[in-house]
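S.K.: return a 3D structure for these sequence lines:
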Amino acid sequence: MSADYDRTPSDSTSSTFTHGSKSPGGLARTLHVAIREYMATVVTKGFFVGAVLVPVVAGLIVGYFGPKLMNPAPPQTNGEIVVLDRTGELQAAIEQRITKEELDRRANPIAALRNAAAEKAGEANPAIQAADKMMDKLDGFHGALTLKFIQTDDEKAEARDEVLTNPNPRTGGPIAIIDVAPNAVIKSDETPTFGGYELLIHQKLDHRVTSILHDVMVEAVRAVRYDRNGTDAATLRTLVSVAGANQENEITEKGDTGSTSGLRAVLPFLLIIVMIVAVTTGSQYLLTTTIEEKSSRVVEVLLSAVSPLQLMAGKILGQMGVGLTMMVLYLAAGFTALSAFSMMHLIKPTDIVLLIAFFILAYIMMASMIAAMGAAVSELREAQSLVTPVYLCLFVPYMLGYPISQNPNSLMAIVLSFIPPIGPFITMLRVVSSDPPPIWEVGLAMLAAIVGAFVLVWMSAKIFRIGLLLHGKPPNFATLIKWIRMA
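M.R.: Here you go, the predicted model:
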């Protein structure tokens, strides 16, 4: 069947729609279509790869391969560090910090963070134990650094030439020169301030090795300064260290526990990401199957058994099941992680109920519009201009996720909670934030979403009814509005 998109359906087509809508067993036929859509999507290899295999692989990468791939240790470096110590007092302090053990520690910054956290939280803290496991997967310093101390500027010039002609900083030879100022340890009579040092490096020297050299020099100079000025470094650290700084415990019914304020701050955003992914995936499958069935004329066979409204409702319900399946899988993985770290108190049972309820409402609104767009075109490329504005609605809660979760009761957050189709996402951001809205606002937002879903389904059904059997030039938004008015 071929027709221009500005035409109204023929009488025979209208009679088919009417006959299908009055046929007995309408609910059963809708459910049959829904089950068919769900099974046709879930049992495919594509769904398994996208919904199951990809998260599993991502988890393996983050949990096991990630630390190896993102190993902070520098590449293998074998070279000589030339030091011109004009103070004559830094050699021992520098040698103490260029040992194999010290280089391994400095090449693994997690070790320093872990030890600092252990002093505050204790060795039994789960975060400390997790850091230990991560450190076991990371390597230490690859290679070795040797020291050569020189006395004159002429020796420095010779070393500079050797660094310049050294082809590779990984195979030996001079790779860096450290020139320490005469007043780096003791102030001179000419200058009232301390001096420092100059670091000259090989052009191909890794920046992580350079960072280690800077750390070594800063610590060495400070240590000698403390000694020369009669200040014990350990005593000084004790004086400036304040126990409990940047460490807080939460008061709970089970006692005082470690603070979860950081995770609580990002949790709303993570839940919205899961919600957006589930809505996007289900609606994308709906768009693809609708266009494929229309372009292959399979839809004409389907309409001999069900009405357009039954077909649209069944497809929406079936793909909503797909989205719910993905959401359950992702939430199960998240709850497993929270349970492992004893953080399940961050999620209330009512939050899960509201998450599912608002997901259903958000999906119905998005899917009804996507189904209408899919029925209005004959090829997937033709649908892009129509569905892009619909998908842009999902970027609003994504972009505003952090500011709204930080200030959930702002005027902007309250207003956006009542605007379909983004209202369900914004409301969930507020519900799981540290300052959830009153229950009446949640109920009013849900009512607004229900009304929005009803209106969008009603409008989309008109477009779906007309566009499903029409082929030809793809419509624009003005044509779609015309269909809604005349259907």
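
S.K.: contacts, neighbours, all on C-alpha from now
M.R.: Fine.

S.K.: low-confidence stretches in the stretch 151-300 of the chain?
M.R.: Flagging of the stretch 151-300 of the chain using pLDDT under 70 yields the residue ranges 191, 241-265.

S.K.: check the secondary structure at the residue of the chain positioned farthest from its centre for me.
M.R.: Centroid-distance maximum for the chain: residue 189 at 56.3 Å, with Cα atoms, centre = their mean. Of the three states, residue 189 takes coil according to DSSP: H, G, I helix; E, B strand; the rest coil.

S.K.: now swap in residue 147 and tell me
M.R.: Three-state call for residue 147 (three-state DSSP): strand.

S.K.: mind listing what's buried along stretch 388-405?
M.R.: Buried positions in stretch 388-405, judged by neighbour count with 16 or more other Cα atoms under 10 Å: 390-391, 394, 397, 401-402, 404-405.

S.K.: span of that stretch from start to end?
M.R.: Chord length of stretch 388-405, first to last residue, is 26 Å (Cα to Cα, to the nearest Å).

S.K.: can you list contacts of that stretch?
M.R.: Stretch 388-405 is contacted from outside by 265-266, 268-269, 272-273, 276, 280, 366, 369-370, 410, 413, 421-422, 425-426, 429-430, 433-434, using Cα atoms under 8 Å, 6 or more residues apart in numbering.

S.K.: just the buried members of the residues you listed?
M.R.: Buried subset of the contacts of stretch 388-405 (neighbour count, 16+ other Cα under 10 Å): 265, 268-269, 272-273, 276, 280, 366, 369-370, 413, 421-422, 425-426, 429-430, 433-434.

S.K.: what about those, which are in helices?
M.R.: Counting by DSSP state H, these place 265, 268-269, 272-273, 276, 280, 366, 369-370, 413, 425-426, 429-430 in helices.

S.K.: for the residues you listed, which one is nearest residue 82?
M.R.: Lowest distance from residue 82 to these (Cα to Cα) belongs to residue 265, with 48.3 Å.

S.K.: the strand or helix carrying residue 78 packs against which elements?
M.R.: Mapping residue 78 onto the secondary structure by DSSP states H and E places it in strand 77-85. For strand 77-85, the packing partners by 3 or more Cα pairs under 8 Å, 6 or more residues apart in numbering; DSSP states H and E come out as strand 143-150, strand 174-180.

S.K.: cutoff 10 Å now
M.R.: The contact analysis (3 or more Cα pairs under 10 Å, 6 or more residues apart in numbering; DSSP states H and E) places strand 77-85 against helix 91-96, strand 143-150, helix 153-165, strand 174-180, strand 197-201.

S.K.: between those, which one is closest to residue 75.
M.R.: With Cα to Cα as the criterion, residue 75 lies closest to strand 143-150 of the helices and strands packed on strand 77-85, at 8.3 Å.

S.K.: mind listing residues that contact the closest one?
M.R.: With Cα atoms under 10 Å, 6 or more residues apart in numbering as the contact definition, strand 143-150 has outside contacts at 74-86, 88, 91, 94-95, 98-100, 103, 155-156, 159, 170-175, 177-179, 209.

S.K.: again, only using 6 Å
M.R.: 76-84 (Cα atoms under 6 Å, 6 or more residues apart in numbering).

S.K.: now, which of those residues sits nearest residue 380?
M.R.: Closest to residue 380, out of all of those and judged by Cα to Cα, is residue 76, at 51.1 Å.

S.K.: torsion angles phi and psi at the residue nearest to that closest one when sequence neighbours are not counted?
M.R.: In this structure, residue 76 finds its nearest non-sequential neighbour in residue 142, 4.3 Å apart by Cα to Cα, 6 or more residues apart in numbering. In this entry, residue 142 is assigned phi and psi values of phi -90, psi 120 (degrees, to the nearest 10).

S.K.: separation between residue 199 and residue 90?
M.R.: 15 Å.

S.K.: so which of those two has more stuff around it?
M.R.: Per other Cα atoms under 10 Å, whichever of residue 199 and residue 90 has more neighbours is residue 90, with 21 against 15.

S.K.: out of the helices and strands packed on strand 77-85, which is the most enclosed?
M.R.: Of these, the one with the most neighbours on average (mean count of other Cα atoms under 10 Å) is strand 174-180, at a mean of 24.

S.K.: the inter-axis angle of it versus strand 197-201?
M.R.: Note on geometry: by axes from the mean of the first three to the mean of the last three Cα atoms, to 10 degrees, strand 174-180 and strand 197-201 are set 170 degrees apart in direction.

S.K.: please list the outside residues in contact with strand 174-180.
M.R.: Contact with strand 174-180 is made by 79-86, 163, 169, 197-202, as judged by Cα under 6 Å, 6+ apart.

S.K.: repeat that for 7 Å
M.R.: For strand 174-180, the external contacting residues (Cα atoms under 7 Å, 6 or more residues apart in numbering) are 79-86, 159, 162-163, 169, 196-202.

S.K.: then stretch 416-432?
M.R.: If you take Cα under 7 Å, 6+ apart as the criterion, stretch 416-432 is touched by 268-269, 272, 351, 355, 358, 362, 365, 393-394, 397, 401, 405, 408, 413, 436-437, 442, 445, 448-449, 452.

S.K.: keep only those of the residues you listed that are in helices.
M.R.: Counted as lying in helices by DSSP H, out of those, are 268-269, 272, 351, 355, 358, 362, 365, 397, 401, 405, 413, 442, 445, 448-449, 452.

S.K.: returning to what we had before: give me the neighbour count for the residue nearest to residue 76.
M.R.: Residue 142: 17 neighbours (other Cα under 10 Å).

S.K.: convert the C-alpha atoms of stretch 311-319 to CSV, please.
M.R.: This file holds the C-alpha atoms of stretch 311-319, laid out as CSV (Å, rounded to 0.1, in the frame of the first residue of the first chain):
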residue,chain,number,x,y,z
LEU,A,311,-0.6,-3.4,18.9
MET,A,312,0.9,-0.2,20.2
ALA,A,313,0.0,-1.0,23.8
GLY,A,314,1.4,-4.6,23.5
LYS,A,315,4.6,-3.3,22.0
ILE,A,316,5.0,-0.7,24.7
LEU,A,317,4.3,-3.2,27.5
GLY,A,318,6.7,-5.8,26.0
GLN,A,319,9.6,-3.4,25.7
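
S.K.: average pLDDT for that stretch?
M.R.: Taken as a whole, stretch 311-319 has a mean pLDDT of 89.

S.K.: where's that stretch relative to the chain centroid, distance-wise?
M.R.: Distance of stretch 311-319 from its chain centroid, counting by Cα atoms, centre = their mean, to the nearest Å, is 30 Å.

S.K.: just stretch 89-101 next, same as before
M.R.: 42 Å.

S.K.: that one - what's its average pLDDT?
M.R.: For stretch 89-101, the mean pLDDT works out to 89.

S.K.: out of the helices and strands packed on strand 77-85, nearest to residue 320?
M.R.: Residue 320 sits nearest to strand 143-150 of all these, at 55.9 Å, using Cα to Cα.
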